[in-house]
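A.B. asks: this one's structure only:
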(Lines give C-alpha, C1' and ligand atoms only; values in the text may rest on other atoms or scores of the structure.)
Protein backbone atom coordinates (compact mmCIF):
# COMPACT_ATOMS: atom_id res chain seq x y z
CA UNK A 1 0.00 0.00 0.00
CA UNK A 2 1.32 3.46 -0.90
CA UNK A 3 0.68 6.42 1.39
CA UNK A 4 0.23 9.27 -1.09
CA UNK A 5 0.27 11.93 1.63
CA UNK A 6 3.97 11.19 2.12
CA UNK A 7 4.91 11.74 -1.54
CA UNK A 8 6.94 14.90 -2.00
CA UNK A 9 4.99 17.54 -3.88
CA UNK A 10 6.12 20.92 -5.11
CA UNK A 11 5.14 23.75 -2.76
CA UNK A 12 1.89 25.48 -3.54
CA UNK A 13 2.40 29.19 -4.13
CA UNK A 14 -0.49 31.54 -3.61
CA UNK A 15 -1.50 33.53 -6.67
CA UNK A 16 -1.38 37.21 -5.70
CA UNK A 17 -1.48 38.55 -9.25
CA UNK A 18 -5.26 38.94 -9.38
CA UNK A 19 -7.72 41.11 -7.48
CA UNK A 20 -8.98 40.03 -4.08
CA UNK A 21 -12.25 41.20 -2.62
CA UNK A 22 -12.12 42.95 0.74
CA UNK A 23 -15.34 43.47 2.67
CA UNK A 24 -16.33 45.06 5.94
CA UNK A 25 -19.61 45.62 7.72
CA UNK A 26 -20.46 47.87 10.65
CA UNK A 27 -23.69 48.15 12.58
CA UNK A 28 -24.85 51.66 13.54
CA UNK A 29 -27.58 52.69 15.96
CA UNK A 30 -31.02 53.30 14.45
CA UNK A 31 -30.77 56.88 15.73
CA UNK A 32 -27.83 57.45 13.36
CA UNK A 33 -29.78 56.87 10.14
CA UNK A 34 -29.22 60.49 9.08
CA UNK A 35 -25.44 60.02 9.48
CA UNK A 36 -25.17 57.02 7.16
CA UNK A 37 -24.55 59.19 4.04
CA UNK A 38 -21.63 60.89 5.81
CA UNK A 39 -20.09 57.53 6.70
CA UNK A 40 -20.55 55.98 3.27
CA UNK A 41 -19.25 59.08 1.46
CA UNK A 42 -16.12 59.26 3.63
CA UNK A 43 -15.31 55.57 3.15
CA UNK A 44 -16.01 55.64 -0.60
CA UNK A 45 -13.78 58.74 -0.96
CA UNK A 46 -10.99 56.96 0.92
CA UNK A 47 -11.31 53.91 -1.33
CA UNK A 48 -11.30 56.08 -4.47
CA UNK A 49 -8.02 57.66 -3.39
CA UNK A 50 -6.31 54.45 -2.24
CA UNK A 51 -3.63 53.09 -4.58
CA UNK A 52 -4.40 49.45 -3.69
CA UNK A 53 -8.04 49.63 -4.85
CA UNK A 54 -8.74 48.37 -8.37
CA UNK A 55 -10.89 51.17 -9.80
CA UNK A 56 -12.00 48.98 -12.73
CA UNK A 57 -14.00 46.78 -10.33
CA UNK A 58 -16.87 47.77 -8.03
CA UNK A 59 -15.95 49.47 -4.78
CA UNK A 60 -17.71 51.64 -2.24
CA UNK A 61 -19.79 51.81 0.91
CA UNK A 62 -23.56 51.79 1.21
CA UNK A 63 -26.53 51.09 3.42
CA UNK A 64 -26.57 47.29 3.45
CA UNK A 65 -29.50 46.40 5.67
CA UNK A 66 -31.62 47.00 8.73
CA UNK A 67 -32.27 44.99 11.85
CA UNK A 68 -34.68 45.81 14.68
CA UNK A 69 -31.76 47.36 16.57
CA UNK A 70 -29.26 48.57 13.92
CA UNK A 71 -28.39 49.90 10.48
CA UNK A 72 -25.81 47.89 8.54
CA UNK A 73 -23.23 49.69 6.44
CA UNK A 74 -21.35 47.46 4.02
CA UNK A 75 -18.03 48.15 2.32
CA UNK A 76 -16.60 46.32 -0.69
CA UNK A 77 -13.39 46.84 -2.62
CA UNK A 78 -11.21 44.79 -4.95
CA UNK A 79 -7.45 45.09 -4.73
CA UNK A 80 -4.85 45.69 -7.41
CA UNK A 81 -2.11 43.04 -7.80
CA UNK A 82 0.09 45.07 -5.44
CA UNK A 83 -2.80 45.38 -3.01
CA UNK A 84 -3.35 41.62 -3.17
CA UNK A 85 0.18 41.10 -1.90
CA UNK A 86 -0.60 43.41 1.07
CA UNK A 87 -4.17 42.17 1.49
CA UNK A 88 -4.22 41.75 5.27
CA UNK A 89 -2.77 45.21 5.84
CA UNK A 90 -5.20 46.72 3.33
CA UNK A 91 -8.21 45.06 4.93
CA UNK A 92 -7.08 46.21 8.38
CA UNK A 93 -6.63 49.79 7.14
CA UNK A 94 -10.07 49.66 5.52
CA UNK A 95 -11.69 48.56 8.77
CA UNK A 96 -9.90 51.31 10.69
CA UNK A 97 -11.10 53.86 8.12
CA UNK A 98 -14.69 52.65 8.47
CA UNK A 99 -14.57 53.10 12.25
CA UNK A 100 -12.93 56.52 11.88
CA UNK A 101 -15.68 57.58 9.45
CA UNK A 102 -18.33 56.49 11.96
CA UNK A 103 -16.68 58.58 14.65
CA UNK A 104 -16.19 61.61 12.34
CA UNK A 105 -19.87 61.50 11.41
CA UNK A 106 -20.87 61.59 15.07
CA UNK A 107 -22.45 58.16 14.83
CA UNK A 108 -22.00 55.20 17.15
CA UNK A 109 -21.77 51.47 16.65
CA UNK A 110 -24.84 49.52 17.71
CA UNK A 111 -24.84 46.68 20.17
CA UNK A 112 -27.45 43.94 20.27
CA UNK A 113 -30.00 44.38 23.05
CA UNK A 114 -29.22 42.51 26.25
CA UNK A 115 -31.23 39.35 26.72
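C.D. replies: That came in fine, so what should we check first? This one's a predicted model, so the numbers in the text were calculated from it and none came from an experiment. Numbering: from 1, shown residues only.
A.B. asks: residue ranges with poor pLDDT in the protein?
C.D. replies: 1-16 (pLDDT under 70).
A.B. asks: longest helix in it, please.
C.D. replies: Secondary structure of the chain per DSSP state H: the longest helix is helix 87-104.
A.B. asks: contact partners of that one?
C.D. replies: Contacts to helix 87-104, defined as CB atoms under 8 Å, 6 or more residues apart in numbering, come from residues 16, 20, 22, 24, 26, 28, 38-39, 42-43, 46-47, 50, 52, 61, 73, 75, 77, 79, 83, 108-109. Backbone N, C-alpha and C define where each C-beta goes, glycine included.
A.B. asks: only whichever of the residues you listed are buried, select them in PyMOL.
C.D. replies: The following PyMOL line selects those of these that are buried, judged by 16 or more other CB atoms under 10 Å:
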select buried, resi 20+22+24+26+28+38+39+42+43+46+47+50+52+61+73+75+77+79+83
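A.B. asks: now, the contacts of helix 87-104 that are in helices?
C.D. replies: Using DSSP H, the contacts of helix 87-104 in helices are 38-39, 42-43, 46-47, 83.
A.B. asks: which of those sit farthest apart?
C.D. replies: Using CB to CB, the two most remote members of the ones in helices among the contacts of helix 87-104 are 38 and 83, lying 25.7 Å apart.
A.B. asks: same question for the longest helix of the chain: list its buried residues.
C.D. replies: For helix 87-104, the neighbour count (16+ other CB under 10 Å) marks 87, 90-91, 94-95, 97-98, 101-102 as buried.
A.B. asks: looking at these, which one is closest to residue 56?
C.D. replies: residue 90 (16.7 Å).
A.B. asks: and the closest one, how far from residue 83?
C.D. replies: Note on residue 90: its distance to residue 83, by CB to CB, to the nearest Å, is 5 Å.
A.B. asks: find residues that contact each of these two.
C.D. replies: Shared contacts of residue 90 and residue 83, counting by CB under 8 Å, 6+ apart, come down to residue 52.
A.B. asks: can I get the ones in helices among the contacts of helix 87-104 in CSV including distance to residue 32?
C.D. replies: Conversion of the ones in helices among the contacts of helix 87-104 to CSV gives the following (distance: CB to CB, whole Å):
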residue, distance to residue 32
38, 9
39, 8
42, 14
43, 15
46, 19
47, 21
83, 30
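A.B. asks: perfect, I'm done here.
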